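**Q** everything below, folded, please.
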Amino acid sequence: MPNKKAFALRIDEKMMKAVEKWAADEFRSTNGQLEYLIHDALKKAGRLPKPGKNQKEAE
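**A** Numbers count the residues shown, from 1 in each chain. The predicted structure is shown next:
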């Protein structure tokens, strides 16, 4: 399992409620939904590290 880093997120209350509802609709936790959305956005933008590269090379 990859290491995970905790951080504080400031987000508009209405936006957060929408994310919470979306997460519930897809049977995910709010955190899981945010991770999914960020991962999907990184993938679509071509910003994910290439498989097989170590972390230092990917940064």
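
**Q** list the buried residues of stretch 18-28.
**A** Using 16 or more other Cβ atoms under 10 Å as the test for burial, stretch 18-28 gives Val19, Ala23. Using the backbone N, CA and C atoms, a C-beta is placed for each residue, glycine as well.

**Q** got the CA positions of it in PDB?
**A** The C-alpha trace of stretch 18-28 is given here as PDB (Å, rounded to 0.1, in the frame of the first residue of the first chain):
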ATOM      1  CA  ALA A  18     -21.700  18.200  -3.100                       C
ATOM      2  CA  VAL A  19     -18.600  16.000  -2.800                       C
ATOM      3  CA  GLU A  20     -20.000  14.300   0.300                       C
ATOM      4  CA  LYS A  21     -23.300  13.500  -1.600                       C
ATOM      5  CA  TRP A  22     -21.400  12.200  -4.600                       C
ATOM      6  CA  ALA A  23     -19.200  10.000  -2.400                       C
ATOM      7  CA  ALA A  24     -22.300   8.600  -0.700                       C
ATOM      8  CA  ASP A  25     -24.000   8.000  -4.100                       C
ATOM      9  CA  GLU A  26     -20.900   5.900  -5.200                       C
ATOM     10  CA  PHE A  27     -20.500   4.100  -1.900                       C
ATOM     11  CA  ARG A  28     -17.100   5.800  -1.100                       C
END
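
**Q** now that stretch, how far from the centre of its chain.
**A** Mean-position distance between stretch 18-28 and its chain equals 14 Å (Cα atoms, centre = their mean, to the nearest Å).

**Q** contacts for it, please.
**A** By Cβ atoms under 8 Å, 6 or more residues apart in numbering, the surrounding residues in contact with stretch 18-28 are Ile11, Ser29, Thr30, Gly32, Gln33, Leu34, Tyr36, Leu37.

**Q** top of the residues you listed by neighbour count?
**A** Neighbour tally across these (other Cβ atoms under 10 Å): the maximum, 19 neighbours, falls on Gln33.

**Q** now for that residue: which residues touch it?
**A** Counted by Cβ under 8 Å, 6+ apart, Gln33 has contacts Val19, Trp22, Ala23, Glu26.

**Q** could you tell me the model confidence score at the second one?
**A** Think Trp22. Each residue has a pLDDT score; the one for Trp22 is 98.
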